[in-house]
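*Asks:* Everything below, folded, please.
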Amino acid sequence: MPYDAMSRSWVFINYKAKPMQIPRTRALGLLAALASVIIWAAFMLSTRFAVKGNFTVEEVLILRLLPAALIMAPVMLKLGIIPHGQPWYRATMLMIGASAVTPYLISKGLSYAPASDGGALAPGMLPFWTALAAYVMAGELPSQRRRLGLAMILVGAVLVSLWEALAGASDSAWKGHLMFLTGSGVWAVYSVMFRQSGLSPMHGLVIGLFWGALVFTPILLFTGSISFSDTNFSEIMIMIVLQSFVIGILAMVLFNYAVQFLGAAETAAFGALTPILALVGGMIILGEAVTPLKFGGVILVASGVFLASGFLNKSRSTL
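*Replies:* Next comes the predicted model:
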């Protein structure tokens, strides 16, 4: 096993101290990563459907933050909501990066561009941004095979986004593409900082929910875009279950758990499924048109994500 900068972590130390626990914890980490990317695809589809229908982006986000923060209040009281012992920049990212900033950027992007684009440019680009963040922040250099996968992701993203923008396929899709890429980059930085923080998955979740709700609720209300005038009670309840409980709580717990036991880069690599699921779901459920060029770009992104995962590296065989 290569002993690089990211290997000198809590996970690596416990691999050496308790080898009998590796298969069990790693297997659970793999399952958690798989479940989280499936939920990400559902997030893309449900949010695109909502913001192109009866909900504003601000309404979707407040239904994500407030109910989740209220239901997790007892856990907040037990674990605390201050990320003690962290530099200010890491504490800031842990408090609002994944809970509010990334969801807002991606949700706003989905009001401009299709879910199939979002799947390729948000979770699809996550391994690329995470590898870059891990290199800059922790000195981790991906292997040659993973670098090839990251290059494939970048080329696929260009096919999905840049070519479509140059062809003038949509006057506003480029805005969504830019927000997808920015949101994915913020999430990548968060994932690396979360692993460095030493926080448990549940503690990371409640810190993000508390500060995301506290900071962003007044901002969202100030926009004047929250009235729910075009929705009914059943639609609001469905959105609370999807956005708050499934996406806001369950997906974050699963993602943080996977990062803790697999590492940020390998967890992000499971996003190979998300672009494909978002593409298929967008066509079948939302009726989105997919050109051959976009289809090829999404497949290239997904293939690059799989290659960037490191699953094919011989160095992983001992895990």
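
*Asks:* can we go C-alpha only for contacts and neighbour counts from here?
*Replies:* Noted.

*Asks:* what sits against residue 152?
*Replies:* Residues in contact with residue 152 (C-alpha atoms under 8 Å, 6 or more residues apart in numbering) are 300, 301, 303, 304.

*Asks:* tell me which residues in the longest helix anywhere in the chain are buried?
*Replies:* Counting by DSSP state H, the longest helix found in the chain is helix 22-51. Residues of helix 22-51 classed as buried by neighbour count (16 or more other C-alpha atoms under 10 Å): 22, 25-26, 28-30, 32-51.

*Asks:* pLDDT on the helix or strand that that helix is followed by, on average?
*Replies:* Next helix or strand after helix 22-51 toward the C-terminus (DSSP states H and E): helix 57-71. Averaged over helix 57-71, pLDDT sits at 94.

*Asks:* swap in stretch 84-104?
*Replies:* Averaging pLDDT along stretch 84-104 gives 92.

*Asks:* and residue 286, helix, strand or coil?
*Replies:* coil (DSSP: H, G, I helix; E, B strand; the rest coil).

*Asks:* how close does the nearest residue to it once chain neighbours are set aside sit to residue 35?
*Replies:* Distances taken as C-alpha to C-alpha, 6 or more residues apart in numbering place residue 49 nearest to residue 286, at 7.2 Å, with adjacent residues excluded. Residue 49 sits 21 Å away from residue 35, taking C-alpha to C-alpha, to the nearest Å as the criterion.

*Asks:* tell me the helices in the stretch 101-250 of the chain, going along the chain?
*Replies:* Using DSSP state H, counting those that start in this stretch, the helices found in the stretch 101-250 of the chain span residues 102-110, 115-121, 126-138, 144-160, 162-166, 173-197, 201-222, 233-239.

*Asks:* which residues of the stretch 151-300 of the chain score low on pLDDT?
*Replies:* Along the stretch 151-300 of the chain, the parts satisfying pLDDT under 70 run over 162-171, 264-265, 268-269, 271.

*Asks:* hang on, the earlier thing: relative to residue 70, which of the contacts of residue 152 is nearest.
*Replies:* Distance to residue 70, by C-alpha to C-alpha, is smallest for residue 301 among the contacts of residue 152, at 37.4 Å.

*Asks:* so that closest one touches residue 120, yeah?
*Replies:* Yes - counting by C-alpha atoms under 8 Å, residue 301 does reach residue 120; the two are 6.5 Å apart.

*Asks:* List of residues touching the one helix or strand residue 261 maps to?
*Replies:* Assigned by DSSP H and E, residue 261 belongs to helix 252-262. Outside helix 252-262, the residues within contact range by C-alpha under 8 Å, 6+ apart are 11, 25-26, 28-30, 32-33, 35-36, 191, 194-195, 200-202, 204-205, 266-267.
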